[in-house]
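1. Structural data only, the sequence is not supplied:
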């Protein structure tokens with residue numbers, strides 16, 4: 001367990017998983033950066049709300065319990081992908097239903113203007 005200078009654990013288990021005590025930052029967020037090959041000093045700046053002591057405790061915990069943290073990280077990634085697919089499918093169905101709703105009378109010119117602006121924007125991208 002990674003203990004802080006106050007003798008308390010810096011890494012706790014919450015409903016979100018392994019978390020830095022007193023924050024909503026999970027160790028899985030650190031794992032995202034580590035898996036992309038970024039050195040810890042590089043991504044330290046992405047977590048300005050935590051102390052150096054908390055950051056060091058998180059890195060120590062990951063190093064000391066790498067197998068456990070990696071296994072949990074893979075589960076978190078799988079769940080995130082399942083959630084993304086669920087919402088992507090749900091939104092696709094929702095937008096399909098919306099597209100079938102007839103336009104309100106008298107709004108045709110407005111919708112045409114919007115379509116032209118959208119086409120112009122897409123051509124610039």
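-> That came through, no problem. All values reported here derive from a predicted model rather than from experimental measurement.

2. Could you give the separation of the longest helix anywhere in the chain from the chain centroid?
-> Secondary structure of the chain read by DSSP state H shows that its longest helix is helix 66-100. Centre-to-centre, helix 66-100 and its host chain are 11 Å apart (CA atoms, centre = their mean, to the nearest Å).

3. elements contacting the helix or strand containing residue 43?
-> In this assignment (DSSP states H and E), residue 43 forms part of helix 40-43. When contacts are defined as 3 or more CB pairs under 8 Å, 6 or more residues apart in numbering; DSSP states H and E, helix 40-43 packs onto helix 27-35. (C-beta placed from N, C-alpha, C; glycine too.)

4. In the protein, which residue sits furthest out from the middle?
-> In the chain, residue 106 marks the outermost C-alpha relative to the chain mean, sitting 42.2 Å out by CA atoms, centre = their mean.

5. Surely that residue forms part of a helix?
-> No: going by DSSP: H, G, I helix; E, B strand; the rest coil, the assignment for residue 106 is coil, not a helix.

6. distance of the residue nearest the centre of the chain from residue 60?
-> For the chain, the residue lying nearest the average C-alpha position, counting by CA atoms, centre = their mean, turns out to be residue 29 (7.7 Å). Applying CB to CB, to the nearest Å, the value for residue 29 to residue 60 is 16 Å.
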